[in-house]
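Q: this one's sequence-less:
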């Protein structure tokens, strides 16, 4: 019996879907008493699981399969003309790896981002407790990547470094710097970093074809989608 076969999982009761109106969602969670082992996490990521705070989860809806796990194979990635422009536009940004932590600087940026970009979402209104519970976890594989222009903090990419790739947990950025396309730049940077570290992929979470807010994910090619228990390349 494999390590994964011994794990316990729990499904939630149906609840309102965060992405598709009028849909009910069910979420499958790894037993929270299970230690957050990086190897188990990596193996579960191959099966479409994601991390939120201290929990590993994936959608488990009976009547809907719209949420499709997506990842970018780092060494095969070929930036488009628009993505090359984004990279050039942000050449003046410095990126620094730090341990996850709560600071007023980080939280102020997070709060501005939620208020201005996601006021219609289930993370609004932002709070210090929400920020800490969701993003500031004492996990050996979790990283904050700071994106700065001189001393100004422009973005934070919360990223898990796994044996099989980088998992892009969450990125928040300065909403007033729209011209820089900081969200897209953070993904491009993580793809390059995964290739530098000789890791297979950047895991982008879930893609929903009919959800406009998720359409940006398929801009990165090739992209691999997990369906019918296998990853398939969409070139």
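A: Yep, that arrived. Here the structure is a predicted model, which is why all the values come from computation and not from measurement.

Q: name the element residue 155 belongs to?
A: Residue 155 is part of strand 152-162, with elements assigned from DSSP states H and E.

Q: just checking, what packs against that strand?
A: Applying 3 or more CB pairs under 8 Å, 6 or more residues apart in numbering; DSSP states H and E, one finds that strand 152-162 contacts helix 38-45, helix 104-117, strand 142-149, strand 165-173, helix 182-196. (C-beta placed from N, C-alpha, C; glycine too.)

Q: looking at the ones you listed, which is nearest to residue 134?
A: Closest of the helices and strands packed on strand 152-162 to residue 134 is strand 165-173, at 7.3 Å (criterion: CB to CB).

Q: low-confidence ranges in this structure?
A: Scanning the chain for pLDDT under 70 picks out the ranges 1-2, 235.

Q: again, only using 80
A: Along the chain, segments meeting pLDDT under 80 span 1-3, 121, 235.

Q: just checking, residue 78 touches residue 221?
A: Yes. Counting by CB atoms under 8 Å, residue 78 does reach residue 221; the two are 6.4 Å apart.

Q: contacts for the strand holding residue 155?
A: Applying CB atoms under 8 Å, 6 or more residues apart in numbering, the contact partners of strand 152-162 are 38, 41-42, 45, 51, 93, 100, 105-106, 109-110, 135, 139, 141-148, 166-174, 177, 180, 182-183, 185-186, 189-190, 197, 199.

Q: give me that answer again for 7 Å
A: Strand 152-162 has contacts (CB atoms under 7 Å, 6 or more residues apart in numbering) with 38, 41-42, 45, 51, 93, 105-106, 109, 135, 141-148, 166-174, 177, 182, 186, 190.

Q: and it, what's buried?
A: Under the neighbour-count criterion of 16 or more other CB atoms under 10 Å, strand 152-162 has 153, 154, 155, 156, 157, 158, 159, 160, 161, 162 buried.

Q: stretch 60-75 now?
A: 61, 66, 67, 68, 69, 70, 71, 72, 73, 74.

Q: which residues pair with residue 97 across the strands?
A: Note on residue 97: beta-bridge partners by DSSP bridges are residue 145.

Q: re the thing from before, and the buried residues of strand 152-162, which is closest to residue 6?
A: Closest to residue 6, out of all of the buried residues of strand 152-162 and judged by CB to CB, is residue 162, at 20.2 Å.

Q: who does the closest one bridge with?
A: Beta-bridge pairing for residue 162 (DSSP bridges): residue 165.

Q: gap between it and residue 46?
A: As for residue 162, its distance to residue 46 is 10 Å (criterion: CB to CB, to the nearest Å).
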